[in-house]
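K.L.:
structure, please.
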Amino acid sequence: MAHRPKPFHRTGRGWYVQLGKQQIKLCDDQELDAFVQMFQEQSPQTRRERFLAGA
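P.N.:
Down below sits the predicted model:
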């Protein structure tokens, strides 16, 4: 069976996705840390409301 590389990978500077020959940066570590902290501080209802509002 052939090895299939994972499209998402992390470097010391952030998270990336590989699409063909193009590599796209999804977020840096500081953005990800801020998102995780915000996610952990909010209740599930608040997260749902923010998601539906597009924020």
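K.L.:
going by C-alpha atoms from here, please, whenever you check contacts or count neighbours.
P.N.:
Noted.
K.L.:
next, give phi and psi for E49.
P.N.:
Backbone torsions for E49, taken as degrees, to the nearest 10, come to phi -60, psi -40.
K.L.:
so how many other residues sit close to it?
P.N.:
11 (other Cα atoms under 10 Å).
K.L.:
low-confidence ranges in this protein?
P.N.:
Along the chain, the parts satisfying pLDDT under 70 run over 1-5, 55.
K.L.:
can you show me the helices along it?
P.N.:
Ranges of helices within the chain are 29-41, 44-53, based on DSSP state H.
K.L.:
closest to K6 out of these?
P.N.:
For K6, the closest of these is helix 29-41, at 19.3 Å, according to Cα to Cα.
K.L.:
give me the contacts around the closest one.
P.N.:
13-15, 47 (Cα atoms under 8 Å, 6 or more residues apart in numbering).
K.L.:
what subset of these is buried?
P.N.:
15, 47 (16 or more other Cα atoms under 10 Å).
K.L.:
could the contacts of helix 29-41 be laid out in TSV, adding distance to D29?
P.N.:
Below are the contacts of helix 29-41 laid out as TSV (distance: Cα to Cα, whole Å):
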residue	distance to D29
R13	6
G14	5
W15	8
R47	21
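K.L.:
which one among the contacts of helix 29-41 gets closest to Q22?
P.N.:
For those, the nearest to Q22 is W15 (13.9 Å; Cα to Cα).
K.L.:
is it true that that closest one touches P7?
P.N.:
No - using Cα atoms under 8 Å as the test, W15 is too far from P7 to be in contact (10.5 Å).
K.L.:
state the number of residues packed around the nearest residue to Q18 once chain neighbours are set aside.
P.N.:
Using Cα to Cα, 6 or more residues apart in numbering and skipping residues adjacent in sequence, the residue nearest Q18 is P7, 5.0 Å away. As a burial measure, P7 scores 11 neighbours (other Cα under 10 Å).
K.L.:
distance of P7 from G54?
P.N.:
Distance of P7 to G54, computed by Cα to Cα, to the nearest Å: 26 Å.
K.L.:
equivalent analysis for T11, please.
P.N.:
In terms of Cα to Cα, T11 sits 28 Å off from G54.
K.L.:
go on, E41?
P.N.:
18 Å.
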